[in-house]
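K.L.:
can you look at this prediction? I've put the sequence above it.
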Amino acid sequence: MRGIKASDIAALCQGRLVGPDLELKGLSGLKEAQPGFLSFLSDPKYAPSLPGTQASCIIVPQGTAAAGKTLIECRDPYLGFAKAAQLFYRESNPRPKPGINPAAAVSPGARIDPSATIGPYAVIEAGAEIGPNTVVMGPSFIGASVKIGSDCLIYPNASVREECLLGNGVIIHCGAVVGSDGFGYAREGAKYIKIPQTGNVILEDEVEIGANSTIDRGALGPTRIKRGTKLDNLCHIAHNVVIGEDGAIAALSGIAGSTIIGDRLIMGGKVGVIGHLEIGDDVICLAYSGVTKSTPSKTMLYGNPARPHMKGKRIDAAVDMLPEKLKVISDLEKRVAQLEEKLGIKHGEE
Amino acid sequence: MRGIKASDIAALCQGRLVGPDLELKGLSGLKEAQPGFLSFLSDPKYAPSLPGTQASCIIVPQGTAAAGKTLIECRDPYLGFAKAAQLFYRESNPRPKPGINPAAAVSPGARIDPSATIGPYAVIEAGAEIGPNTVVMGPSFIGASVKIGSDCLIYPNASVREECLLGNGVIIHCGAVVGSDGFGYAREGAKYIKIPQTGNVILEDEVEIGANSTIDRGALGPTRIKRGTKLDNLCHIAHNVVIGEDGAIAALSGIAGSTIIGDRLIMGGKVGVIGHLEIGDDVICLAYSGVTKSTPSKTMLYGNPARPHMKGKRIDAAVDMLPEKLKVISDLEKRVAQLEEKLGIKHGEE
Amino acid sequence: MRGIKASDIAALCQGRLVGPDLELKGLSGLKEAQPGFLSFLSDPKYAPSLPGTQASCIIVPQGTAAAGKTLIECRDPYLGFAKAAQLFYRESNPRPKPGINPAAAVSPGARIDPSATIGPYAVIEAGAEIGPNTVVMGPSFIGASVKIGSDCLIYPNASVREECLLGNGVIIHCGAVVGSDGFGYAREGAKYIKIPQTGNVILEDEVEIGANSTIDRGALGPTRIKRGTKLDNLCHIAHNVVIGEDGAIAALSGIAGSTIIGDRLIMGGKVGVIGHLEIGDDVICLAYSGVTKSTPSKTMLYGNPARPHMKGKRIDAAVDMLPEKLKVISDLEKRVAQLEEKLGIKHGEE
């Protein structure tokens, strides 16, 4: 891998180069960095550790000083770091060569763009379409009539079942399942009668599905995750859920059937949302919350059952004092009884 | 796909055809339906939307009127819809052709029924038996001496480990694992000494295991899920658990080792059950509950720790008022002190 | 399989053989055992069931009597059972023959020890190293430059992504993912900008990762699980987490990014730990807990939010009484008002 110039990184980050330009070998934490490496400081409170780092160049907030270092001043150093990291990553991880591995099972009825890469033991069924520069690693499964756009990355042991649609720049991590049957049954007496799930899943551009997460297909019509929304590992999205754009859902969270969620959702880990709710835009659900009610936009939820954040925190604080307060109640009962006795009132009289 | 006659669907649903018979192209929601399609109305409160639908035929509760439409009157329209949907699904999704894909690794010691279908990159080990009409999609893994009955469907990236037994009509969704080791160790000082898990998993007829769910094999003897029980995605069933017939367990739920559960369990999402419990028949665990005690039949549980449903809800309501009530307690303390002062009682005196 | 002598098992368990030596066919529960089988009694309270068992030999606590049986007296019968079970298991499950299955896709740049076994449809990429006696079952994925030590077992449908390092005796269960991308983004306006996760995962000797669990690679630097720690199924370990030695984490638990945990962690099922915490040695988190704070060594946590165990349990008990206590508060309010009236005090006066 060839080095990357500090000035090129400054340009990419819309930052200002302070000090001599130099060629950088890679990206590293401030503490771990070796000479020749780029590092970053996103929180000014860590500025005192700057003199100790071996890094030759550091992305810093505007107005940071560090003698003898080349600095890249950035309005948002963390964002600058992300962009620099993408550059280094692309440089050191060139995409695999285009072509279909001879040990892939590609149906004659599938259409694979010549610039796409299909790995060994990938199964691609009839009618599937794989777009330009998309990489499907194997072993994996792409079902019949699936359409995958350009620049997608399907990791090993992932499954994308029939009829699902993926936009451009979608990433499906190892073991994730897109298009599994929704959990839908009618009952005939005690018996469950399976309702075939004939919808599909639509993942719009730049959606990312974490390892071993599962996205169920709709019962009728699609389950849809809109542009730019990112799911962490082991999440479950049930049939006919809709999640808006630019959301982020942390691991082990689940959203039950037909719930509709707006844009810019932020969901901590291990959150649950029951079915058939409407959740507005810019909603934040803190970790471990159990959402049971529809929620307007710009709400922060906390707790189980989830309540508006401040109320949830007040309840936690109150519960924390409860054992002490129960003693106060017992004490009050005795004192009131004593007062009543003194005044000749029988408890219970009006 | 050829169309299906409304009269045939009426017969299947044990319903009554009202209006002219016609040939139907498919099934759709009331709002989305095109002419020539079948739809359904399960809740009479949506009857006002009937005149607006483009659907040509609708499955409805008895006594529903809709001018110009062919109706199928049904005692249970949702069940009728399920059966019609199965009919359409079979018609448009004929099972794949029987036979073993040349790119499947089938051990010479395995017995595959000639009517079964084995997909590319399926691994089927020695002594395994695959019954009539069963489909094993690849990539996937069927371990040594596994017995799978007739009409089963094993989706890609599923694993069924050695010695496990599946009845007829069992569905294993993508990425599910049947027969992983139970989590069993003895301790020698601080070290965990693995206890080989030598039992297996028995899935009876019509059991369905959701995507990426895991069913551990017994330590000694089987883990068993009885006829007709359905598991959603990302559920965990530990070693030596027994779950009765006709149960349903929603996503991200887990049942710890050796717990025995009766028939017709209904479990919401994200429920936990600790080990070594006995749970009766017809138990309902609402979403997010954490079950910590054995439970008699016909109980509805709620909360964490789970309590009888009504008590759990009363506690939620009480907790909701707690911050207000703590103020009342503080106020009462002051008022009682004032009363005591007036009467010359020192707080704490008897 | 040939039988195993009771005297050999006694030696293995450092136990004392009482009664005639005999050859044993296998291991079984006390109730299920057939003649010729070994069983065990770890809890003396079950001693009354000893006369009823058909087992020919029983591992028992010191000082247990059972007429007509061969006994193996052990200081820790459960540990003795574990060791005997390992012996029987190895006897009846010889490791598969060494060699690379012709239907495995092993990169020419990978180094496979001649004593290792690579199954059909395993993908092993360039620069990967597989150590002596390690078994990689297929279908599965071992990424570029992965190093796997000796005596490891990689089950089907597992994924180990590029650069990850596994020690000796590591077990990766079906569907588990090691080295998936950490969930890391910077924001540019509303959009998430992916931060390439360039660290790896290090699993030290004797680590075991349960079915469908996911271990994310570090953002920079490793995610590390130290020697002997065992994870159950469907657990999530986020980027740059460190877990100490000899820990055990039950199913459906998740640990968020950069949290550092000491040795001998015991975590029940469905526990969550938020990111950037420091958790000491010998910490126990009871099932369903939600850990939100750093925690010193030798602490037992319970509840959500997690509190020291005794406090958590007191709070549960207090909450349980809360609906009753709210009635007491209402009653006290009336009684105090009556007292105030009698004494001519207006509520609210000082």
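P.N.:
Done, it's in. Residues are numbered from 1 along each chain as shown, chains lettered A, B, ... in the order given.
K.L.:
partners of the helix-or-strand element of chain A with minimal mean pLDDT in the sheet?
P.N.:
One helix or strand of chain A scores below all others by mean pLDDT, DSSP states H and E: strand A:26-27, with a mean of 90. Sheet partners assigned to strand A:26-27 using DSSP bridges are listed as strand A:37-40 (parallel).
K.L.:
ok so, going back, just how off-centre is the least confident helix or strand of chain A within its chain?
P.N.:
In terms of Cα atoms, centre = their mean, to the nearest Å, the centre of strand A:26-27 is set 25 Å apart from its chain centre.
K.L.:
which residues does it contact?
P.N.:
Strand A:26-27 has contacts (Cβ atoms under 8 Å, 6 or more residues apart in numbering or on different chains) with A:Phe37, A:Leu38, A:Ser39, A:Phe40, A:Phe81, A:Ala84, A:Ala85, A:Phe88, A:Ser92, C:Thr198, C:Leu220. In short, each C-beta sits where N, CA and C put it, glycine included.
K.L.:
buried residues of the top helix by length along chain A, list them for me.
P.N.:
With secondary structure taken from DSSP state H, chain A has its longest helix at helix A:309-342. Buried residues in helix A:309-342, counted by 16 or more other Cβ atoms under 10 Å in any protein chain shown: A:309, A:312-316, A:318-319, A:321-323, A:325-326, A:329, A:332-333, A:335-336, A:338-340.
K.L.:
could you do stretch A:285-297 as well?
P.N.:
By neighbour count on 16+ other Cβ under 10 Å, the buried set for stretch A:285-297 is A:Cys285, A:Leu286, A:Ala287, A:Tyr288, A:Ser289, A:Gly290, A:Val291, A:Thr292, A:Thr295.
K.L.:
and chain C, which of the residues you listed contact it?
P.N.:
Contacts with chain C within the buried residues of stretch A:285-297, counted by Cβ under 8 Å from any Cβ of the partner chain: A:Ala287, A:Tyr288.
K.L.:
which of the buried residues of stretch A:285-297 lies closest to chain B?
P.N.:
Of all those, A:Gly290 has the smallest distance to chain B: 4.2 Å, by Cβ to the nearest Cβ.
K.L.:
contacting residues for the closest one?
P.N.:
Counted by Cβ under 8 Å, 6+ apart, A:Gly290 has contacts A:Val271, A:Gly272, A:Gly303, A:Asn304, A:Pro305, A:Ala306, B:Lys270, B:Ala287, B:Tyr288.
K.L.:
what number of residues lie near the residue nearest to it when sequence neighbours are not counted?
P.N.:
Leaving aside its sequence neighbours, A:Gly290 sits nearest to A:Asn304 (Cβ to Cβ, 6 or more residues apart in numbering or on different chains; 3.7 Å). Residues near A:Asn304, counting by other Cβ atoms under 10 Å in any protein chain shown, number 23.
K.L.:
mind checking the SS state of A:Asn304?
P.N.:
For A:Asn304, the assignment made with DSSP: H, G, I helix; E, B strand; the rest coil gives coil.
K.L.:
how near is it to A:Tyr288?
P.N.:
7 Å (Cβ to Cβ, to the nearest Å).
K.L.:
likewise for A:Glu188?
P.N.:
Distance, A:Glu188 to A:Tyr288, by Cβ to Cβ: 38 Å.
K.L.:
got it, and A:Cys174?
P.N.:
A:Cys174 is 26 Å from A:Tyr288, where distance means Cβ to Cβ.
K.L.:
next one: A:Gln14
P.N.:
A:Gln14 is 38 Å from A:Tyr288, by Cβ to Cβ.
K.L.:
isn't A:Ser56 up against A:Pro35?
P.N.:
Yes: using Cβ atoms under 8 Å, A:Ser56 makes contact with A:Pro35 at a distance of 5.6 Å.
K.L.:
neighbour-wise, which of these two wins?
P.N.:
Neighbours were tallied for A:Ser56 and for A:Pro35 using other Cβ under 10 Å; the higher tally belongs to A:Ser56 (22 against 9).
K.L.:
which of the contacts of strand A:26-27 tops the neighbour count?
P.N.:
Of these, with other Cβ under 10 Å as the count, A:Ala84 tops at 31 neighbours.
K.L.:
can you tell me which residues contact that residue?
P.N.:
A:Ala84 touches A:Ile4, A:Ile9, A:Leu12, A:Cys13, A:Leu27, A:Leu38, A:Phe40, A:Ile59, counting by Cβ under 8 Å, 6+ apart.
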